[in-house]
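Colleague: structure for this input, please:
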Amino acid sequence: MSAVNARQPQLSLSECLADLAVDALIDEADLSPKPGLVDKRGSGAHTDLHLGLMHASALSLWPCFKAMADAALEHGAVSLALREAIGQIGRAGEAEMLRVTDGVNTHRGAIWALGLLTAAAALDARSLGAGDVTLRAARLALLNDRRAPVNGDSHGARVCRLYGVRGAREEAQLGFPAVTQQALPQLQRSRESGAGEQNARLDALLAIMTTLTDTCVLYRAGLAGLSSMQSGARAVLKAGGCASLEGRRRLRELDYDMLRLRASPGGAADLLAASLFLDRLQPALHAQIGSV
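Modeller: Presented below is the predicted three-dimensional model:
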């Protein structure tokens, strides 16, 4: 049962947003079969991750997301002060995540994406359309957090320099185009075609993978691995998506390629969680706290 439904009478706006963010992370982890990623079948291309660890990591981030929403409510508008507040909260949330996972990076990228979206949603709960929320998130992401440590040696930073591609920061600064232009439209199309919710979510993940320069894949498998991910995802959708027999065959081929290359599309997974958060944001908030 969703935490939102279980605690319905007591939820504040910040609590509801934190629940939605954690639910999105857990639903992304549980979604199966995902090519190269941790899911209910196993650890995918990873040797240090498993589904239980992903769940524990997601749950550990609830206070972080609530605090970001609270900070947005306190500041009331996009500002440098808010950007630096959520940056500090995010770093504390990452430290707690690493404590829970014994040092394994499970959701660093998701803290960035979902943290921005949670704060952006809290800034104006009367304007919760995906385009409106991602625009506010982009305005926050464009501000320079002066307190952020310089981290040019992260895997993502190295890959961005080496290949001249944009990473998670730039994706947010552009307003999450992989979410608004790829995942959410595909999610709606697949639902309307009768694909079923799990297949629709898988199709949304694949839609992200068709165009995303996923730095997780680039780091592990280079440009050849990225090309394999993008072309394989396109092949699944072209074959009819995950609800079709031919689409499922193509999905197995893509999964095999990702496992062979030891490439896990972690960036795409983070953006799928962001997509699920935005998809349910408006109806869930209105159901919990009424029209705001």
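Colleague: quick one: contacts for A120?
Modeller: A72, V133, T134, R136, A137, L140 (C-beta atoms under 8 Å, 6 or more residues apart in numbering). Where you see a C-beta, it was placed from the backbone N, CA and C, and this is true even at glycine.
Colleague: report pLDDT for it.
Modeller: For A120, the pLDDT comes out at 98.
Colleague: next: H155.
Modeller: pLDDT recorded at H155 is 70.
Colleague: gap between it and A130?
Modeller: With distances taken as C-beta to C-beta, to the nearest Å, H155 is found 29 Å from A130.
Colleague: who has more neighbours out of these two?
Modeller: Under the criterion of other C-beta atoms under 10 Å, the comparison of H155 against A130 puts A130 first, with 21 against 16.
Colleague: can you mark which positions in whichever strand or helix holds F65 are buried?
Modeller: Using DSSP states H and E, F65 sits in helix 62-75. Buried residues in helix 62-75, counted by 16 or more other C-beta atoms under 10 Å: W62, C64, F65, K66, A67, M68, A69, D70, A71, A72, L73, H75.
Colleague: present those as CSV; the columns should include pLDDT and distance to A221.
Modeller: Converted to CSV, the buried residues of helix 62-75 look like this (pLDDT from 0 to 100; distance: C-beta to C-beta, whole Å):
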residue, pLDDT, distance to A221
W62, 98, 33
C64, 98, 31
F65, 98, 31
K66, 98, 36
A67, 98, 36
M68, 98, 33
A69, 98, 36
D70, 98, 40
A71, 98, 38
A72, 98, 37
L73, 98, 42
H75, 98, 41
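Colleague: return the member of the residues you listed nearest to G93.
Modeller: Nearest to G93, judged by C-beta to C-beta, of the buried residues of helix 62-75 is C64 at 2.9 Å.
Colleague: follow-up on the earlier one: so which of the contacts of A120 are in helices?
Modeller: A72, V133, T134, R136, A137, L140 (DSSP state H).
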